[in-house]
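A.B. asks: Mind folding the following:
(one chain, ligands or ions: 2)
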Amino acid sequence: MTGAPALRGPLPPGSTIGILGSGQLARMLILAATRLGLRCHVYADAKGPACDVAAAMTIAPYDDTTWLTAFASEVDVVTFEFENVPEATARTLAERVPVRPNPDAFRIAQDRIAEKSFIAGLGLAVAPFASVYNADEAKAALKKLAAPAILKTARLGYDGKGQASLTARSDAAAAWRRLGSVPCVLEKRLAFKQEVSVVLARGVGGTVAAYDSPQNTHAGGILRRSIVPAPLEPAAQVRARDIAARIAAALNYIGVLAVELFDLGPEVPLEHRLLVNEMAPRVHNSGHWTLDACAVSQFENQIRAVADWPLGDPARHSDAEMLNLIGQEANAWREIASEAGACLHLYGKREAREGRKMGHVTRLLPKGTRG
Ligand code: ATP
Ligand code: MG
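C.D. replies: Ligands and ions are numbered 1, 2, ... in the order given. Okay, the predicted model is just below:
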């Protein structure tokens, strides 16, 4: 991916940031950028919650070179709200305008096989896994890793979609076919103590601003709740940050990176205790609490990083619990709005479909309340 023009110095207020994607993450990025006097131009294949707040938008297919070229000429830098950007799209843009983070991060994060191999290659622990390209390999992998296990499509999974849970009695070949006979990974199901994540911003010069790690709870494959601080002793916090910072540095990353970790618990020696589940080369749902519990949120730090501004202080002034409002749960907006210490965020989606993230609420508590 050569030929990418470089930015020279910080983008002054009034500059335009291009954002691929029109969902709630783009919307919150735009709100943060707008507060800093920066404009945002959304490029997406369909209108979404970000379009209500964008200064400009292009609604066109992600593979339309004509529209991409026009978009590139109107923005000063391009960033993304989602990792499944087609490689050709990222390349087309990167030839014309600085793209941050660099498209390599997407290439790796889009594919669980590439991602796990990359992370393991850095000497970091991941769950035992095997790549699966056909039905026989699915069977062999289940035998080798032993149930319980999870078969995951290598590409295009999110919110637990594209996954099959396998027991010793499961027909792994049939499960692989049900997932569409596409490349997959089979992963050992881990009996972890908790899930935590690291959300950090890495700036142009390699400076890092890392947020305190939240503990994340999933229900039905979807993030339900993040509480911060996670119950992690200082040494484990530091280790978690170090893992994420190493991944970011290896990618020469610019922007916000999220790394999801499985914590096997304090009985396990520190070097083996935290396993990387996956990374997201973007702002992350487990960092939404930073909007209300930190002076500078993950969204603002993503904007600062891609615009080459100094990164903002990620320190937390409060303890926090972030709860996603999924589907009809957002109908409780009136009660939440009347609750002390509750910070309500609604994404402006019209239809409350099942499993759809409609908003979130962050409940703040004085720092130290959670220990
Ligand atoms: P998201 O978009 O929410 O990050 P995803 O579809 O990319 O999800 P994963 O993060 O791989 O999928 O898995 C979703 C959740 O399923 C994890 O957060 C975890 O709770 C559970 N899970 C995934 N892999 C394992 C594993 N190997 N062992 C135990 N639980 C797992
Ligand atoms: Mg995940």
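
A.B. asks: Can you name the residues of the protein that neighbour ligand 2?
C.D. replies: Residues of the chain lying close to ligand 2 (Cβ under 5 Å from the ion) are 260, 278. Using the backbone N, CA and C atoms, a C-beta is placed for each residue, glycine as well.

A.B. asks: Flag the shaky bits of the chain, pLDDT-wise.
C.D. replies: Across the chain, the ranges flagged by pLDDT under 70 are 1-5, 7, 371.

A.B. asks: in the stretch 1-150 of the chain, which spans are helices?
C.D. replies: 24-35, 65-74, 87-94, 103-109, 112-121, 135-145 (DSSP state H, counting those that start in this stretch).

A.B. asks: The stretch 251-371 of the chain against ligand 1: which residues are in contact?
C.D. replies: Contact residues, the stretch 251-371 of the chain versus ligand 1 (Cβ under 6 Å from any ligand atom): 260, 277-278.

A.B. asks: returning to what we had before: right, so of the helices of the stretch 1-150 of the chain, which gets closest to ligand 1?
C.D. replies: Closest of these to ligand 1 is helix 112-121, at 7.6 Å (criterion: Cβ to the nearest ligand atom).

A.B. asks: can you list contacts of the closest one?
C.D. replies: For helix 112-121, contacts defined as Cβ atoms under 8 Å, 6 or more residues apart in numbering pick out 107-109, 126, 129, 131, 152-155, 157, 183, 185, 247, 250, 276, 278-279.

A.B. asks: still on that earlier bit, closest to T217 out of the helices of the stretch 1-150 of the chain?
C.D. replies: helix 24-35 (19.7 Å; Cβ to Cβ).

A.B. asks: so what does the helix or strand containing L344 touch, helix or strand wise?
C.D. replies: Secondary structure assignment for L344, by DSSP states H and E: strand 342-346. For strand 342-346, the contact count by 3 or more Cβ pairs under 8 Å, 6 or more residues apart in numbering; DSSP states H and E identifies helix 290-293, helix 333-337, strand 357-366 as packing neighbours.

A.B. asks: at 7 Å what do you get?
C.D. replies: If you count contacts as 3 or more Cβ pairs under 7 Å, 6 or more residues apart in numbering; DSSP states H and E, strand 342-346 packs onto helix 333-337, strand 357-366.

A.B. asks: most neighbours per residue, which of these?
C.D. replies: strand 357-366 (a mean of 20; mean count of other Cβ atoms under 10 Å).
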